[in-house]
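Q: how does the following fold in three dimensions:
(one chain, ligands or ions: 1)
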Amino acid sequence: MPERVFNFSAGPAVMPLPVLEEAQRNLVALPGVGSSVMELSHRGKPYMAIHADAKARLVSLLNIPDTHDVLFLQGGSRLQFSMIPINLLKGTEKTADYILTGSWGKKALEEAVKEGKTNVAWDGKPTNYNCLPKQADLKLTPDAAYVHMTSNETIQGVQFQAEPEVGNVPLVSDLSSDFMSRPVDISKYGLIYACAQKNAGPAGVTVVIIRKDLMEHASSDLPGYLVYRNHAENDSMWNTPPTFGIYLLGLVCKWLQEDMGGLEKIQKQNEAKAKILYDVIDESNGFYIGHALPEDRSMMNVTFKLGDEESEKRFLAEANEVGLTQLGGHRSVGGVRASIYNAMPVEGVEKLRDFMLKFKK
Ligand SMILES: Cc1ncc(COP(=O)(O)O)c(C=O)c1O
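A: Got it, this is the predicted structure:
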């Protein structure tokens, strides 16, 4: 096998090695089945067992209450930017509130305005999305259809540490880039969603966890795929689900449960990994310039700049040479971004720390 590098991509991102190895072992023929997962009918017993297992593991890991359904969908998080307002806002007289803490929240809003009335409850633009709002800063609409937030802004590297207070209004959160990186109290949310390709598996499957009563409103005249109810009533088999992605997501959940010891443990490890890099930034006397304010920093995406673009180019090229790859910031903001999701080993982060110290010297 070719040597694996430490891959800091923001997504699709590094997967746990034991998961890749198990998938590789069973790729051609699943034990006891004799076919690849990719070759199984989604209606047959072997696949149904894989599907049920992935879902049960998610329910157990995240402690998902009976009030909520788990859906496996396609179309990535960007389809959710539309499905959420289509199901929860369209056809009502209500307003949906959006808290804009970075690029993805803005894109979510762009889709919502097509479906109904929206209100920007807070916008981090004046400080270039380097911080999060305080509760008193939020301009929430009483009796809104929902409040949308982005738990972790992957591009800017800011992450909520606690949910905003929204009263009885359903809270909707994009957890694409911090899903399963720490425990979440699902009962506080009307809906959470996450594309898998950062912390939960490969691109192609998106998890939606939705409070059951929120599915009742959507009109049956909508295109069938866009109605959450259809997926819930058919156990995410309204159409052919992304079977291979769901299989891998199940393996990632198993890895989190059996190898990593659950979400509290992985959170501790994630905090320790992030601290290693933020300490280098903070102790660099301005050589490395962190984007996010310290109190709002992301545990998942560490974003920083160097004094000038030339140094950044050299940093990225030299890092690449020593097997620290995909460290470039998002094309819209530049700089450096180290995405250190669950599957990035501590050794990868330590190697990056050592490289940063050496590069500075
Ligand atoms: C926070 C967040 N939301 C949404 C998306 C979009 O996801 P997708 O490309 O699966 O539609 C991303 C992708 O990087 C993301 O990081």
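Q: what are the phi and psi values at residue 7?
A: Backbone torsions for residue 7, taken as degrees, to the nearest 10, come to phi -100, psi 110.
Q: tell me the contacts of residue 140?
A: 97, 121, 147, 166, 169 (C-beta atoms under 8 Å, 6 or more residues apart in numbering). The way it works is simple: take the backbone N, C-alpha and C, and place the C-beta from them, glycine included.
Q: between those residues, which is closest to residue 75?
A: residue 147 (22.6 Å; C-beta to C-beta).
Q: which parts of this protein belong to which domain?
A: Domain assignment for the chain by automatic domain parsing gives 6-14+262-360, 21-259.
Q: for residue 149, list the residues it contacts.
A: Contacts for residue 149 (C-beta under 8 Å, 6+ apart) come out as 99, 101, 105, 160, 163-164, 171-174.
Q: in strands, which of the residues you listed appear?
A: 99, 171-174 (DSSP state E).
Q: any idea which element residue 148 lies in?
A: For residue 148, the host element (DSSP states H and E) is strand 146-150.
Q: give me the distance from that strand to the chain's centre.
A: Its chain's C-alpha centre and that of strand 146-150 lie 15 Å apart, by C-alpha atoms, centre = their mean, to the nearest Å.
Q: neighbouring strands - and their directions - for that strand?
A: strand 95-100 (parallel), strand 171-174 (parallel) (DSSP bridges).
Q: tell me, how many residues neighbour residue 262?
A: 14 (other C-beta atoms under 10 Å).
Q: among the contacts of residue 149, which one lies nearest to the ligand?
A: residue 174 (4.8 Å; C-beta to the nearest ligand atom).
Q: so how far is residue 195 from that closest one?
A: 9 Å (C-beta to C-beta, to the nearest Å).
Q: got any residues that touch both of the two?
A: residue 77.
Q: so how far is stretch 271-281 from its chain's centroid?
A: Per C-alpha atoms, centre = their mean, the centroid offset for stretch 271-281 relative to its chain is 20 Å.
Q: contacting residues for the one residue in the stretch 51-200 of the chain that gets nearest to the ligand?
A: Evaluated by C-beta to the nearest ligand atom, the stretch 51-200 of the chain has residue 76 as its residue closest to the ligand, separated by 2.6 Å. Neighbouring residues of residue 76 by C-beta under 8 Å, 6+ apart: 195, 203, 206.
Q: bridging residues for residue 71?
A: Those that pair with residue 71 in a beta bridge, by DSSP bridges, are residue 208.
Q: which among the contacts of residue 149 are in contact with the ligand?
A: residue 174 (C-beta under 6 Å from any ligand atom).
Q: buried subset of the contacts of residue 149, written for ChimeraX?
A: Selecting only the buried entries of these in ChimeraX, with 16 or more other C-beta atoms under 10 Å as the criterion:
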select :99,101,105,160,164,171,172,173,174
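Q: could you pull out the helices for the protein?
A: Under the criterion DSSP state H, the chain contains helices at 17-25, 45-62, 76-88, 103-112, 228-233, 243-254, 263-282, 309-321, 346-360.
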